[in-house]
Structure formats: structure tokens, C-alpha cells
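**Student:** here is a sequence together with a model predicted from it:
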Amino acid sequence: MNACQRWGEMVRLEHAQSERMRGEPNPQDYWVNYAQNFVADPRRDNDVLLDILKQQVNPHHVVMDVGAGAGRYAIPLAMMCRQLIAVEPS
């Protein structure tokens, strides 16, 4: 077995192990138990980083949020600037 074949076998085994660990897929929506963790009031004022960012933004700015995720910062900042571009590579 050459190096490429060994690598391919290692990848295959890792994928098989991952599938075994995951078990049977749950027919429910996976995120239903986690959704509440992503809810954040866009008008909140108890977020230190958001408060700092808000001080830097004015209504004439175009803001880019790279790695915006669920919009924890993008949504409140979009309410304060001319345009917000949210980029989420995942």
C-alpha cells in the first residue's frame, strides 16, 4: 500500500468512526434545543463589544461583518449604518 492509499484508508476509517459516533439521525430539528442561544435583542445595551462597535458607526457608514454567524452584531449595527454587508463563509 502506498502513501496515497494509506491516507485514503485513514480518511475512510475516520469517516466511518464519525458516522458510528453520531448514531441514528434524530428526526427532530437538530437546532431546536440550541436556537434560544442565538437569540439576541438587536436593541440590547448590555453587550460590551456591541457597545464599543456602536460608538464607531454612524448613519453614513457601510459596515462589513466577516464571520457574521447568526447576525449577533450585524443586525444591531445594520440599524445604525447606511448599509451592512454580512459575510458568513460557513
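**Tutor:** Happy to help now that I have it.
**Student:** switch to C-alpha atoms for all contacts and neighbour counts from now on
**Tutor:** Fine.
**Student:** isn't residue 50 right up against residue 73?
**Tutor:** Yes. Using Cα atoms under 8 Å, residue 50 is in contact with residue 73, at 6.5 Å.
**Student:** now residue 46: phi and psi?
**Tutor:** Backbone geometry at residue 46, expressed as degrees, to the nearest 10, gives phi -110, psi 30.
**Student:** nope, residue 71 is what I meant
**Tutor:** Main-chain dihedrals, residue 71, degrees, to the nearest 10: phi 90, psi 20.
**Student:** now residue 54: which helix or strand?
**Tutor:** Using DSSP states H and E, residue 54 maps to helix 48-56.
**Student:** quick one: contacts of that helix?
**Tutor:** Helix 48-56 is contacted from outside by 45, 73, 77, 80, using Cα atoms under 8 Å, 6 or more residues apart in numbering.
**Student:** leaving aside the residues adjacent along the chain, what's closest to the third one?
**Tutor:** Leaving out its chain neighbours, the residue that sits closest to residue 77 by Cα to Cα, 6 or more residues apart in numbering is residue 54, at 6.8 Å.
**Student:** the longest helix along the chain - what's its average pLDDT?
**Tutor:** In the chain, with assignment by DSSP state H, the single longest helix is helix 3-22. Helix 3-22 shows a mean pLDDT of 89.
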